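Engineer: Dropping a prediction and its sequence here:
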Number of protein chains: 2
Amino acid sequence: MILLRTWSSWECCGAKVKLNHSPSLPTFLRLRQSLQFLPTQSIQTILCSPRQKISADFIGLLPLLSLIVTSSAGTDHIDLVECSRHDIQVVSVPGDQAKDVADMAVGLLIDVLWKISAADRHVRKWGLSMPQNLSFGSKLKGKIMYHSRNEKPFILYPFYSNVVELAGNSDVLVFCCPLNEQTRHIINREVMLGKDGVIVNVGRGSLIDEKELVWCLMEEEIRDAGLDLFENEPNVPNELFPLDNVVLSPHAASLTSDGFTEVCELAAEALEVFFSSKLPSTQVLDD
Amino acid sequence: MILLRTWSSWECCGAKVKLNHSPSLPTFLRLRQSLQFLPTQSIQTILCSPRQKISADFIGLLPLLSLIVTSSAGTDHIDLVECSRHDIQVVSVPGDQAKDVADMAVGLLIDVLWKISAADRHVRKWGLSMPQNLSFGSKLKGKIMYHSRNEKPFILYPFYSNVVELAGNSDVLVFCCPLNEQTRHIINREVMLGKDGVIVNVGRGSLIDEKELVWCLMEEEIRDAGLDLFENEPNVPNELFPLDNVVLSPHAASLTSDGFTEVCELAAEALEVFFSSKLPSTQVLDD
């Protein structure tokens, strides 16, 4: 199999499926090249994170590939159509990540409303002089509403079928939906423009039209944003770095130690089931 | 009267008690000198913030002083014994600050547990490379307990009469008590040492033995701290600036716009009552 994760994080998988450790591979970009040193003809499984794009091109190099395990709830980094065409099984192991991601959304929102990161940055740079441009402790009043593909009968909050209409009635928009062709750039200029509101994104980077978001933050067309994800990771728009009305997080919502242990265990389980009747090929890459 | 606050923040008081605006006074340190340009013999009231120390020495310069209004719940910046000796009334106007301060305590705690400020700093400096030394999303399990001078019958959480014992049984200590001779350095080495815990301080800077705190944070004797206050304000220990296990806030817990408006109104009320039968002296200083 190929392991597209840092080796140390996946020792529990290793213990269960007897993986071997290979020389380090610092970035995924080098993976394509490194495949030439691997027995691509015999690779049956991939264990990957959402940071690695599993494209049709890549899949085409692995004729025996029959299982992809991803340590995430989302599968938008995997070409599912191609997997289906080649009869490759895709297993996502979200575990309890949803709770961690929800916690991060609340954490980013509180940080944004209380300007805690901005205040911390100010103190480290300027000491206790009072930051004139920071408005502390913004409070939220009102109710929770939601938008989704379909109304959920088990959710009692008011449902909006139209996200622009929801945005027009909201002070804070928290985005936590999966990425697909219907949700790509669901946060566009129309949703953001003219709003003195707050956007929190813990879903996927491409839910947001990032160019428009940067413009809106720079022009203060929206008040604040808390972002755990970016459209073209690992790139973060340089224009965001000097801004105090944005909190930046390195795609870390699901990287809690509890959550990660659980994900590793679930991934190991999926691999064990797959390899239960056969020995794993033991090629491992460490990025 | 003397107004020891930024003028613009106190316009609502000004409107009610007809204060005049004097030339700017950047820091309180210059106030003593500036008194020579004021009619100290006729000053009856002071409107101050907790940032200004109203010492016996200072009070001695104002023979007609009979009212001090402070925009805070705490009065530890005012020499109360001296006030009592001179029959000077002290009015504190905490307003709803307690709620804002509690919110800030929770905000600092979440920031510390989720490493949001540290992650934001990391992204601004290093982009989306994964911070190896940050442990995201630490969770708290267990119960709330409290220490106070006396057990409060209306608080249902378990009471500890001894703060060291409480610390020994806690992962997180949130300090929000007033500062007095009993509570000065209540957070000392004995409370902190050997603890892999978190300290949040939204009470007063001198509740903490700051030298010991700095040492404990540098040596990782405690895991994290969220600090809205410092022992020798406006000084913040330089040693804290490079640390990722501390979140620094500029004594801002009560500086919300809602809270501040309320405090201004309460202060104006106190002054109106005082001046209801006499005209105010109109000397105002703007720091």
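Structural biologist: Now that the structure is in, tell me what you want to look at.

Engineer: quick one: pLDDT of A:I43?
Structural biologist: Here, the pLDDT recorded for A:I43 equals 82.

Engineer: contacting residues around the nearest residue to it once chain neighbours are set aside?
Structural biologist: In space, and not counting its chain neighbours, A:I43 is closest to A:L62: 4.9 Å by Cβ to Cβ, 6 or more residues apart in numbering or on different chains. (Each C-beta comes from the backbone N, C-alpha and C, glycine too.) With contact taken as Cβ atoms under 8 Å, 6 or more residues apart in numbering or on different chains, A:L62 is in contact with A:T40, A:I43, A:I46.

Engineer: How about the secondary structure of A:L62?
Structural biologist: coil (DSSP: H, G, I helix; E, B strand; the rest coil).

Engineer: Spell out which residues of the stretch 151-287 of chain A are next to chain B.
Structural biologist: A:230, A:233-236, A:241, A:247-253, A:255-259 (Cβ under 8 Å from any Cβ of the partner chain).

Engineer: circling back: in ChimeraX, select just the buried ones from the contacts of A:L62.
Structural biologist: A single ChimeraX command selects the buried members of these (16 or more other Cβ atoms under 10 Å in any protein chain shown):
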select /A:43,46
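
Engineer: In a markdown table: the contacts of A:L62, plus secondary structure.
Structural biologist: Shown next, in a markdown table, are the contacts of A:L62 (three-state DSSP):
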| residue | secondary structure |
| --- | --- |
| A:T40 | helix |
| A:I43 | coil |
| A:I46 | strand |
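
Engineer: just curious, which of the contacts of A:L62 is nearest to chain B?
Structural biologist: Nearest to chain B among the contacts of A:L62, counting by Cβ to the nearest Cβ, is A:I46 at 20.2 Å.

Engineer: about what we covered before: buried ones only from the residues of the stretch 151-287 of chain A next to chain B, please, as a ChimeraX command.
Structural biologist: Buried members of these, defined by 16+ other Cβ under 10 Å, are picked up in ChimeraX with:
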select /A:230,233,236,247,248,249,250,251,252,253,255,256,259
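
Engineer: now the helices: where do they sit in the stretch 101-250 of chain A?
Structural biologist: A:116-126, A:163-168, A:189-192, A:210-218 (DSSP state H, counting those that start in this stretch).

Engineer: Show me the shaky parts of the stretch 51-200 of chain A.
Structural biologist: A:194-195 (pLDDT under 70).

Engineer: Which of the residues of the stretch 151-287 of chain A next to chain B fall in strands?
Structural biologist: Within those, residues falling in strands by DSSP state E are A:V247, A:L248.

Engineer: ranges for the strands of the stretch 51-200 of chain A?
Structural biologist: Secondary structure of the stretch 51-200 of chain A by DSSP state E, counting those that start in this stretch: the strands cover A:67-70, A:89-92, A:146-147, A:159-160, A:172-175, A:198-201.

Engineer: of all those, which lies closest to B:E219?
Structural biologist: Closest to B:E219 of the strands of the stretch 51-200 of chain A, according to Cβ to Cβ: strand A:198-201, at 35.5 Å.

Engineer: Which elements pack onto the closest one?
Structural biologist: helix A:97-114, strand A:172-175, strand A:224-227 (3 or more Cβ pairs under 8 Å, 6 or more residues apart in numbering or on different chains; DSSP states H and E).

Engineer: Include mean neighbour count when you put these into a markdown table, please.
Structural biologist: Formatted as a markdown table, the helices and strands packed on strand A:198-201 follow (neighbours: other Cβ atoms under 10 Å in any protein chain shown):
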| stretch | mean neighbour count |
| --- | --- |
| helix A:97-114 | 22 |
| strand A:172-175 | 20 |
| strand A:224-227 | 27 |
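
Engineer: which of the helices of the stretch 101-250 of chain A is buried the deepest?
Structural biologist: helix A:116-126 (a mean of 22; mean count of other Cβ atoms under 10 Å in any protein chain shown).

Engineer: Is there any residue in it that contacts chain B?
Structural biologist: Yes - with Cβ under 8 Å from any Cβ as the criterion, chain B is reached by helix A:116-126 at A:I116, A:S117, A:A119, A:D120, A:R121, A:H122, A:V123, A:R124.

Engineer: right, and the fourth one touches B:L248 too?
Structural biologist: Yes - here A:D120 lies in contact with B:L248, judged by Cβ atoms under 8 Å, at a distance of 5.0 Å.

Engineer: For chain B, what's the nearest residue on the stretch 1-150 of chain A?
Structural biologist: Taking Cβ to the nearest Cβ, the stretch 1-150 of chain A has A:G137 as its residue nearest chain B, at 3.3 Å.

Engineer: so who does that residue touch?
Structural biologist: A:L113, A:W114, B:D100, B:D103, B:M104, B:A253, B:L255, B:T256, B:S257, B:D258, B:G259.

Engineer: Who are the contact partners of the fifth one?
Structural biologist: B:M104 makes contact with A:W114, A:F136, A:G137, B:V202, B:D228, B:S249, B:A252, B:A253 under the criterion Cβ under 8 Å, 6+ apart.

Engineer: tell me the contacts of the first one?
Structural biologist: The neighbours of A:W114, taking Cβ under 8 Å, 6+ apart as the test, are A:F136, A:G137, A:S138, B:D103, B:M104, B:G107.

Engineer: My read is that the first one contacts A:H122, right?
Structural biologist: I take that to be A:F136. No - between A:F136 and A:H122 there is no contact under Cβ under 8 Å: 11.2 Å.

Engineer: Would you mind listing what in the stretch 1-150 of chain A touches chain B?
Structural biologist: Counting by Cβ under 8 Å from any Cβ, the stretch 1-150 of chain A sits next to chain B at A:100, A:103-104, A:106-108, A:110-111, A:113-114, A:116-117, A:119-124, A:127-131, A:134-139.

Engineer: So what's the residue count around A:V90?
Structural biologist: 16 (other Cβ atoms under 10 Å in any protein chain shown).

Engineer: residues contacting the nearest residue to it once chain neighbours are set aside?
Structural biologist: Leaving out its chain neighbours, the residue that sits closest to A:V90 by Cβ to Cβ, 6+ apart is A:I68, at 4.9 Å. Counting by Cβ under 8 Å, 6+ apart, A:I68 touches A:T45, A:I46, A:C48, A:I54, A:I78, A:C83, A:I88, A:Q89, A:V90, A:V91.

Engineer: What of A:E82?
Structural biologist: Taking Cβ under 8 Å, 6+ apart, one finds A:S55, A:A56, A:I59, A:I88 in contact with A:E82.

Engineer: Could I have the buried ones of those residues as PyMOL selection syntax?
Structural biologist: Buried residues within these, by 16+ other Cβ under 10 Å, are selected in PyMOL with:
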select buried, chain A and resi 59+88
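
Engineer: Closest residue of the stretch 151-287 of chain A to chain B?
Structural biologist: A:T256 (3.3 Å).

Engineer: Which strand residues bridge that residue?
Structural biologist: B:F136 (DSSP bridges).

Engineer: correct me, but it touches B:K115?
Structural biologist: No - applying Cβ under 8 Å as the test, A:T256 and B:K115 come out as separate, 10.4 Å apart.

Engineer: Between those two, which contacts overlap?
Structural biologist: With Cβ under 8 Å, 6+ apart as the test, A:T256 and B:K115 both reach B:F136.

Engineer: So what's the residue count around A:E269?
Structural biologist: 15.

Engineer: From B:E151, how far out is it?
Structural biologist: 50 Å (Cβ to Cβ, to the nearest Å).

Engineer: quick one: pLDDT of A:P242?
Structural biologist: Residue-level pLDDT assigned to A:P242 equals 95.

Engineer: re earlier: just flag the most distant two among the contacts of A:W114.
Structural biologist: A:S138 and B:M104 (12.3 Å).
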